[in-house]
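Trainee: Curious how this folds, go ahead:
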Amino acid sequence: MKLTFRQQIAQFRHVLAGQLFPVLEEELGGLEDRARALITTLELIPLARFVPSARGWVGRPCKDRLAIANAFVAKAVYGLATTRQLIERLHQDEQLLQICGWTTVRQIPHESTFSRAFAEFAIMELPQFVHEALIVATQQGRLIGHIARDSTAIEARERFPQRPRARQRQQAAETGQKRGRPAGTGGPHRRHKGGKPPYQPKANTRLHRQRSLQLSQMLEELPRDCSLGVKTSAEGHQKYWRGYKLHLDVADGQIPITALLTSASLHDSQAAIPLATITARRVTNLYDVMDTAYYATEILEHSRELGHVPIVRAPRRREGRELSWAEADRLRERTMVERVYGRLKDEFGGRNIRVRGARKVMAHLMFGVLALSADQILKLVK
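Mentor: As a prediction, this is how the structure comes out:
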């Protein structure tokens with residue numbers, strides 16, 4: 001008889017508590033809560049399937065990449081801010097050292113080796129592949145009620161390239177030219193004497209194109225460079241930051257299903273269709289719950305084509321159908337994505353971005369998302 005998901009997780013927890021932890025405590029001594037959480041995470045995620053092996057290569061052998069990958073997962077689970085803190089913790093904590101895969105302190109690689117290995121993991125998108133395999137293995141056979149979609153600000157310590165307009169203003173200031181609208185740009189956009197010009201819908205927008213593009217083409221169109229972002233809070237205050245945006249699709253149980261990293265200047269709605277497409281390939285859900293930033297005809301139609309029911313409140317400035325009491329009640333489930341972002345930043349290193357470049361920033365965040373996903377999956381059965 002095939003076991004259900006809850007039965008599999010319950011059996012997994014029983015094996016850990018009844019067989020694995022007693023053996024490890026005999027060898028390593030009493031295990032702390034963090035050590036137990038790390039062991040459980042490493043046993044649950046299929047990390048060894050995706051870490052490349054260095055055996056058989058010509059030249060000096062590389063350090064054990066699996067142990068280093070385990071150490072980066074431990075960095076997220078323990079909430080360590082930097083790789084240097086991780087190395088210091090490995091020198092002081094013998095339990096953590098052996099859990100990661102080393103037997104003596106002399107086997108711990110240098111900080112530069114950790115950096116090279118992390119760059120390799122970022123290029124090959126190791127944590128993304130491991131997270132996808134974890135979600136498919138544990139959530140594909142489960143009928144999910146709600147998928148909550150939202151983004152959060154990711155602050156980075158790096159410079160971003162100037163935009164063409166900013167570059168033109170800087171060049172004009174250096175040459176002493178007067179600021180003004182370039183010649184030939186005031187024709188169709190010139191204000192009419194009677195008031196505002198008539199509204200003309202934009203053609204060939206990114207949302208229009210995404211409806212006819214393949215997933216790979218959608219992802220290629222999304223900007224990923226560091227940029228300046230701005231968000232308006234519920235009180236009307238604007239917050240600016242330099243860095244990126246992390247977009248998440250979160251399922252019931254606060255389990256992250258899909259993650260995308262884009263430039264901070266990208267509007268939330270531009271990543272909705274690629275997110276929904278990836279999520280639909282991994283899990284089966286009924287409702288797509290989003291805030292007013294995702295209220296667009298293309299997004300709603302795409303959600304319905306996937307067989308989902310989109311629940312989005314229309315902005316105040318636009319006329320839209322009022323939500324029923326049942327839809328308004330389901331819309332409250334959107335807050336679970338905010339709780340996931342809170343845990344990711346407070347407990348799994350989402351605030352401690354010390355790397356540069358979209359690939360490395362995404363890899364750092366995904367190690368935290370991977371550890372958070374494993375923790376939330378195990379919380380479904382207690």
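
Trainee: Contacts for stretch 302-319 next, please.
Mentor: Stretch 302-319 is contacted from outside by 147, 210-211, 272-273, 276-277, 280, 285-292, 294-295, 299-300, 320-321, 323, 327, 330-331, using C-beta atoms under 8 Å, 6 or more residues apart in numbering. Using the backbone N, CA and C atoms, a C-beta is placed for each residue, glycine as well.

Trainee: same thing but 6 Å
Mentor: 273, 280, 287-290, 292, 294-295, 300, 320, 327, 330-331 (C-beta atoms under 6 Å, 6 or more residues apart in numbering).

Trainee: Give me the buried entries from those.
Mentor: Neighbour-count burial (16 or more other C-beta atoms under 10 Å) applied to the contacts of stretch 302-319 gives 273, 280, 287-290, 294-295, 300, 327, 330-331.

Trainee: can I get those residues in TSV with pLDDT?
Mentor: TSV is the format used below for the buried ones among the contacts of stretch 302-319 (pLDDT from 0 to 100):
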residue	pLDDT
I273	96
A280	96
Y287	96
D288	96
V289	96
M290	95
Y294	94
Y295	92
L300	94
E327	91
R330	93
L331	93
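
Trainee: Do a quick rundown of the strands in the chain.
Mentor: Taking DSSP state E as the criterion, the chain carries its strands at 143-155, 227-232, 238-251, 255-263, 284-290, 309-312.

Trainee: can you tell me the average pLDDT over the shortest one?
Mentor: What it means is strand 309-312. Per-residue pLDDT values across strand 309-312 average out to 94.

Trainee: what does stretch 89-106 give?
Mentor: Stretch 89-106 comes out at a mean pLDDT of 93.

Trainee: For it, measure first residue to last.
Mentor: 14 Å (C-alpha to C-alpha, to the nearest Å).

Trainee: in that stretch, what's buried?
Mentor: 89-90, 93, 95-97, 99-100, 102.

Trainee: residue closest to the middle of this protein?
Mentor: Nearest to the mean C-alpha position of the chain, counting by C-alpha atoms, centre = their mean, stands A259 at 3.6 Å.

Trainee: and the gap between that residue and V23?
Mentor: Separation of A259 from V23 (C-beta to C-beta, to the nearest Å): 35 Å.

Trainee: again with L260
Mentor: L260 is 40 Å from V23, by C-beta to C-beta.

Trainee: With distance to A156 added, can I get the contacts of stretch 302-319 in CSV?
Mentor: Formatted as CSV, the contacts of stretch 302-319 follow (distance: C-beta to C-beta, whole Å):
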residue, distance to A156
I273, 25
A280, 30
Y287, 33
D288, 29
V289, 29
M290, 26
T292, 27
Y294, 24
Y295, 29
L300, 32
G320, 36
E327, 37
R330, 35
L331, 32
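
Trainee: Show me which pair in these is furthest apart.
Mentor: The distance between the two most remote of the contacts of stretch 302-319 (C-beta to C-beta) is 24.2 Å, for A280 and G320.

Trainee: Between the contacts of stretch 302-319, which sits nearest H131?
Mentor: Nearest member of the contacts of stretch 302-319 to H131, counting by C-beta to C-beta, is A280, at 16.6 Å.

Trainee: show me what contacts that closest one?
Mentor: When contacts are counted by C-beta under 6 Å, 6+ apart, A280 touches L306.

Trainee: Give me the below-cutoff pLDDT ranges for this structure.
Mentor: Filtered on pLDDT under 70, the chain yields the residue ranges 1-2, 53-63, 162-203, 317-320, 381-382.
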